[in-house]
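Trainee: My questions are about this predicted structure, shown below with the sequence.
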Amino acid sequence: MVGKAALTVGAIVYVENVQPPQGGEAKNRRVVILRAPTADDDTFTFAVIATLRGPDPADDEVRIPHKQIPGGDRQTSLTAPSVAVCRWVQDADITRVQSVKGKCPSITLSEIVRKVDALGMSE
Amino acid sequence: MTVFESARQAVDAYSVNAEAWKPAYDQAMACGQLEDLLLAGVRSLHEITAYHHGWEEQVLSGQHEPDLAMDQAIWDMYAWWMRPCTRIKRELRFFERQGFTVEYAAEFRDSLENLQDDRRGRVRPKAPIRPITSDHVQRLASSSIDTSRYDD
C-alpha cells in the first residue's frame, strides 16, 4: 500500500477500480489528486487522467504535460498526450492506490482545480 | 642580431601573445558569468515552483483562504522569470558555438522547457483556486461523460 504522506495534492497515482460515472466496467486508471487525505480522513478526491483524443482538449479537459520518450515526462511520467477529465471527479480510499506515478506541475494543477470548481458549481 | 634587437623581438613576441591571450580570457570570464546566471535562474525557478506548490497545498487543504491576488502574483513571477530567457538562450548558443561546454546549460534548458509545457495554452488566472469539496464531487457525479472517449 502507498503511504498517506505520498498522496499530496497534484500527485499522479494509479487507482484501482475507477467506476465510470454512468455505470459500467470499472478500470484501473491514472488520476491526479485534488484533495489529499488527512490525519483523520483516509479518503482523497481525484480527477481521472485520460489520453487526449484529437488535437485539442475539450472544454471540460485540461492538458497535462507529457514527453514521448522512454519513462515519459520527468515530472508527470506521462508518455502520451494526456488530459485531466474535469467532470470525472470522485473520492477514493487510500487503500485503492496501487502506485505513485509522478506529479502534476503546479500551473496545470491550478488550471484543473479551477475547471473542476467551475464545472462543479455550475452542474 | 644585436642584443638590443634580440630583446626587442622578445618584447614584441610577448606583447603579441599578451594581446592574443586577452580575448580568450575575456570570453572565458564572460562564459563563467553566464554559468552563474544560469545557476541563479535554475535556483530561482525552483524557489517559485516550491512556493507555488506550497501555496496550492495550503489553499486546497483549507489552511489558507483563496486569494486571487496571490494566484496572479505567482503567475507574474513565472512571466518575469521567462522574460530574459530568449536573450540568455542566444548567449548560451553563442558560447557553445565557440566550443565552450557551458555548465548548467542542460538544467536551464530543461527548466525552461518544463515551464513552457506547463504554461502552454494557459492565461493569467481570473479566479482563485479553491478547495474541491464533497459538494463538487456530488454535483459532478451526475455529469454526463462519454467514457468511451477515455477507453485507453
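Mentor: Received the coordinates, thanks.
Trainee: From here on, just use CA atoms for contacts and neighbour counts.
Mentor: Noted.
Trainee: measure residue A:62 to chain B for me?
Mentor: 10 Å (Cα to the nearest Cα, to the nearest Å).
Trainee: cool, and residue A:39?
Mentor: 12 Å.
Trainee: what ranges do the strands span in chain B?
Mentor: With DSSP state E, there are no strands along chain B.
Trainee: send the alpha carbons of whichever strand in chain A runs longest over as CSV?
Mentor: Longest strand of chain A, by residue count under DSSP E: strand A:82-93. C-alpha atoms of strand A:82-93 as CSV (Å, rounded to 0.1, in the frame of the first residue of the first chain):
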residue,chain,number,x,y,z
SER,A,82,-3.0,13.4,-21.8
VAL,A,83,-5.8,15.3,-20.1
ALA,A,84,-7.4,15.6,-16.8
VAL,A,85,-11.1,15.0,-17.3
CYS,A,86,-12.6,17.7,-15.0
ARG,A,87,-16.1,16.2,-14.9
TRP,A,88,-14.8,12.8,-13.9
VAL,A,89,-14.1,13.6,-10.2
GLN,A,90,-14.5,11.0,-7.5
ASP,A,91,-13.5,10.1,-3.9
ALA,A,92,-11.4,7.0,-3.1
ASP,A,93,-9.9,5.4,0.0
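Trainee: what about it, average pLDDT?
Mentor: Across strand A:82-93, pLDDT averages out at 95.
Trainee: Can you name the helix or strand that the closest residue to chain B within chain A falls in?
Mentor: Chain A approaches chain B most closely through residue A:120 (4.5 Å), counting by Cα to the nearest Cα. Using DSSP states H and E, residue A:120 sits in helix A:106-122.
Trainee: Let's test this: mean pLDDT of stretch B:8-23, rounded?
Mentor: The pLDDT scores in stretch B:8-23 average 83.
Trainee: chain center to that stretch: distance?
Mentor: 41 Å (Cα atoms, centre = their mean, to the nearest Å).
Trainee: for stretch A:64-73, same thing?
Mentor: The chain centroid and the centroid of stretch A:64-73 are separated by 16 Å, computed with Cα atoms, centre = their mean.
Trainee: CA atoms of that stretch as CSV?
Mentor: Output of stretch A:64-73 as CSV, limited to C-alpha atoms (Å, rounded to 0.1, in the frame of the first residue of the first chain):
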residue,chain,number,x,y,z
ILE,A,64,-1.1,17.6,-18.8
PRO,A,65,2.5,17.8,-20.0
HIS,A,66,4.0,14.6,-21.4
LYS,A,67,7.1,13.5,-23.3
GLN,A,68,7.2,10.8,-25.9
ILE,A,69,10.4,9.3,-24.6
PRO,A,70,11.0,6.2,-22.5
GLY,A,71,10.0,6.9,-19.0
GLY,A,72,7.9,9.9,-20.1
ASP,A,73,7.9,13.4,-18.8
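Trainee: Any chance you could list what contacts that stretch?
Mentor: Residues from elsewhere that reach stretch A:64-73, judged by Cα atoms under 8 Å, 6 or more residues apart in numbering or on different chains: A:76-84, A:104, A:108, B:117-118.
Trainee: and chain B, which residues reach chain A?
Mentor: B:49, B:52-53, B:56-57, B:60-61, B:117-119, B:122, B:127-133, B:135-137, B:139-145, B:147, B:149-152 (Cα under 8 Å from any Cα of the partner chain).
Trainee: Just the buried ones among those residues, please.
Mentor: B:49, B:52-53, B:56-57, B:60-61, B:117-119, B:127-133, B:136-137, B:139-141, B:143, B:145, B:150 (16 or more other Cα atoms under 10 Å in any protein chain shown).
Trainee: Please list the members of those that lie in helices.
Mentor: Members of these lying in helices (criterion: DSSP state H): B:49, B:52-53, B:56-57, B:60, B:117-119, B:136-137, B:139-141.
Trainee: any chance of these in TSV, plus pLDDT and distance to residue B:29?
Mentor: Below are these laid out as TSV (pLDDT from 0 to 100; distance: Cα to Cα, whole Å):
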residue	pLDDT	distance to residue B:29
B:49	96	31
B:52	97	35
B:53	96	36
B:56	97	41
B:57	96	42
B:60	97	47
B:117	93	33
B:118	94	34
B:119	95	34
B:136	93	57
B:137	93	58
B:139	90	61
B:140	91	59
B:141	86	61
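Trainee: Give me the below-cutoff pLDDT ranges for the chain.
Mentor: Went with chain A since none was named. A:123 (pLDDT under 70).
Trainee: Chain B, not that one
Mentor: B:151-152.
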